[in-house]
Each structure stands twice: as structure tokens, then as C-alpha cells.
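J.: mind folding the following:
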Amino acid sequence: MSPQANGRRTSPAKPSPHNPLRLMDIADEFWSRVDFTNPAGCWLWKQSTGSHGYGQWWPHRGSGEGVADQNWLAHRLAWTLVLGTIPDDMTIDHLCYERRCVRPDHLRLLPNVENARDNGASRRTHCPHGHPYDEANTYVNPATGHRRCRQCARDRRKAA
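T.: Got it, this is the predicted structure:
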């Protein structure tokens with residue numbers, strides 16, 4: 001698949017293994033950037049992390065047409081190297097809650113909406129302002145699963 005559309009260079013919205021041989025060309029280099037000695041059993045990404053805390057990597061090799069020329073989140077590339085393509089409506093969730101972990105058996109494939117519901121925020125008992133996340137004080141957005149503090153919403157309306 002060429003990255004040309006109407007004579008203009010384009011890039012895919014999400015990385016995917018269009019050419020498995022190109023993907024395997026970067027596997028050894030990718031795994032050399034992983035610390036396998038973590039006592040908790042996580043395989044931790046040793047290189048760059050974004051402000052979101054996830055490992056990230058830019059292999060940039062070749063002609064610009066394959067997966068080796070795309071930017072990757074490290075856990076997504078680990079999944080792709082070991083387990084294959086990630087469907088568009090799915091995301092990779094860390095079972096260990098360690099964002100730098102790239103160990104495939106610490107990851108799971110999850111629908112985007114379900115991942116939003118179980119993004120670690122579900123373990124929090126209070127909002128950032130200290131109000132309880134209880135049944136009376138919590139609104140759950142049915143589309144995303146995100147929780148919102150009703151007291152904070154009332155406070156924002158009063159201040160406006």
C-alpha cells in the first residue's frame with residue numbers, strides 16, 4: 001500500500017503491520033530497549049515516555065511506507081510483534097497498571113469504551129477535590145463510562 005493519495009503524501013491514522021517482514025526487521029532493536037529484570041515481573045520500556053507515561057518509539061527506517069517508519073506506543077508495538085494486529089475499535093489495556101510495561105501477558109485487548117470504564121479511575125474512591133464517588137454523587141457517562149463528580153459540577157455552576 002503506497003502512502004500516496006491524489007499525488008500527496010499521506011500517513012495512516014494508526015500503525016498496523018502492513019508488511020510483517022518490515023515489522024520483524026525492527027523486533028530485535030525494539031526488545032533491546034526493554035528491561036526484563038523488574039521484580040514485579042513487568043517488562044519495562046527503557047527509552048522515551050510521553051507526558052501520558054506510556055513508552056514511545058520512532059524506529060524510522062526504510063522508504064516511509066512500512067510499519068518501521070511509523071511512531072509507536074511501546075506497548076502497542078509489543079502486542080503487534082507478538083500477537084498481531086490491533087483492531088480499530090480495540091485498545092491495549094495494561095493488566096498490571098504499569099504504563100511502561102510491554103510484557104504481552106500483562107496486556108489485554110479491550111473495546112475502547114470498556115477501557116475508558118476500567119482506566120484505573122474506577123479504583124479511585126474520591127474525585128480530585130475530595131468528594132466521594134458514591135452512588136448519590138457520581139454521574140457515569142453512558143457513552144464513555146467516565147465518572148463525573150456531581151458536587152464539583154454544582155460548584156462549577158455556582159461559580160459561573
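J.: alpha carbons only for contacts and neighbour counts from here, please
T.: Noted.
J.: off-centre distance for stretch 80-89?
T.: Computed by Cα atoms, centre = their mean, to the nearest Å, the separation of stretch 80-89 from the middle of its chain amounts to 12 Å.
J.: per-residue confidence averaged over that stretch?
T.: Across stretch 80-89, the average pLDDT comes to 90.
J.: then stretch 138-146?
T.: pLDDT averaged over stretch 138-146 gives 82.
J.: and it, how far out from the chain's middle?
T.: Relative to its chain's centre, stretch 138-146 lies at 20 Å (Cα atoms, centre = their mean).
J.: buried residues, that stretch. List them.
T.: Thr138, Tyr139, Gly145, His146 (16 or more other Cα atoms under 10 Å).
J.: Arg108 belongs to a strand?
T.: Yes. Read with DSSP: H, G, I helix; E, B strand; the rest coil, Arg108 is one of the residues of a strand.
J.: state the distance from it to Ala27.
T.: 20 Å (Cα to Cα, to the nearest Å).
J.: for Asn137, same thing?
T.: With Cα to Cα as the criterion, Asn137 and Ala27 are 48 Å apart.
J.: same question, Arg156
T.: 49 Å.
J.: more neighbours: which of those two?
T.: Taking other Cα atoms under 10 Å, Arg156 and Ala27 do not tie; Ala27 has more neighbours (15 against 10).
J.: and the strands in this structure?
T.: In the chain, the segments counted as strands under DSSP state E are 4-5, 8-9, 34-35, 44-45, 56-57, 72-73, 90-94, 107-111, 138-140, 147-149.
J.: relative to Leu109, how far out is the spatially most central residue of the chain?
T.: Nearest to the mean C-alpha position of the chain, by Cα atoms, centre = their mean, lies Ile92 at 5.8 Å. In this view, Ile92 and Leu109 are 5 Å apart by Cα to Cα.
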